[in-house]
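# 3D model of this:
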Amino acid sequence: MIQEMTATGRRKTSVAAIRMRPGTGKIDVNGRAFESYFPLALQRAAILAPFSKVGLEGHYDLIIRVKGGGIEGQVIAARLGITRALVQEDETKRGTLKAEGFLTRDPRRRERKKYGRAGARKRFQFSKR
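Okay, the predicted model is just below:
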């Protein structure tokens, strides 16, 4: 019997759906290889940080589906989804991951543009004459 954990992570407008099952560490992102979808080592390290924090690198195969937002938003959304899946698998890991801030959903969003302004807060150039 293969036990599979599923979880969702979000950040700004990015949504990541995570499917995690015991395996050898193979990671598939939107049908592509992990290294080709996230080319920067820093991004890959951020996504896999929950595994390294609890010492489970290479113990799980991941299928990640991300959509929306930019690459960095997708990275943080994937990290949150992986963390939630790890906690779902073993509740004792919650304290370690929460202390590191991996379980906190970042609530910040883009502020809307207001009428009479150039942007959300920026004003049009003032002309005295």
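
# please make it C-alpha for all contacts and neighbour counts, starting now.
OK.

# low-scoring pLDDT stretches of the chain, where are they?
1-2 (pLDDT under 70).

# can you give me the strands in this protein?
5-11, 14-22, 27-29, 32-33, 60-67 (DSSP state E).

# what separation is there between the most centrally placed residue in the chain and residue 129?
Nearest residue to the geometric centre of the chain (CA atoms, centre = their mean): residue 77, 2.0 Å. Using CA to CA, to the nearest Å, we find residue 77 at a distance of 50 Å from residue 129.

# just residue 89 next, same as before
Counting by CA to CA - residue 89 and residue 129 are separated by 67 Å.

# how about the strands of the chain in a markdown table, adding mean neighbour count and distance to residue 99?
Output for the strands of the chain, formatted as a markdown table (neighbours: other CA atoms under 10 Å; distance: least, CA to CA, whole Å):
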| stretch | mean neighbour count | distance to residue 99 |
| --- | --- | --- |
| strand 5-11 | 22 | 18 |
| strand 14-22 | 21 | 22 |
| strand 27-29 | 18 | 26 |
| strand 32-33 | 13 | 30 |
| strand 60-67 | 20 | 22 |
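
# for residue 85, find the nearest of those strands.
strand 5-11 (5.3 Å; CA to CA).

# only the buried residues of whichever helix in the chain runs longest, if you could.
Ranked by residue count under DSSP state H, the longest helix found in the chain is helix 71-89. Of all the residues in helix 71-89, those buried under the rule 16 or more other CA atoms under 10 Å are 73-87, 89.

# compute the first-to-last residue distance for stretch 3-14.
End residues of stretch 3-14 are separated by 27 Å (CA to CA).

# and stretch 115-128, by the same measure?
Across its full length, stretch 115-128 reaches 21 Å between end residues, using CA to CA.
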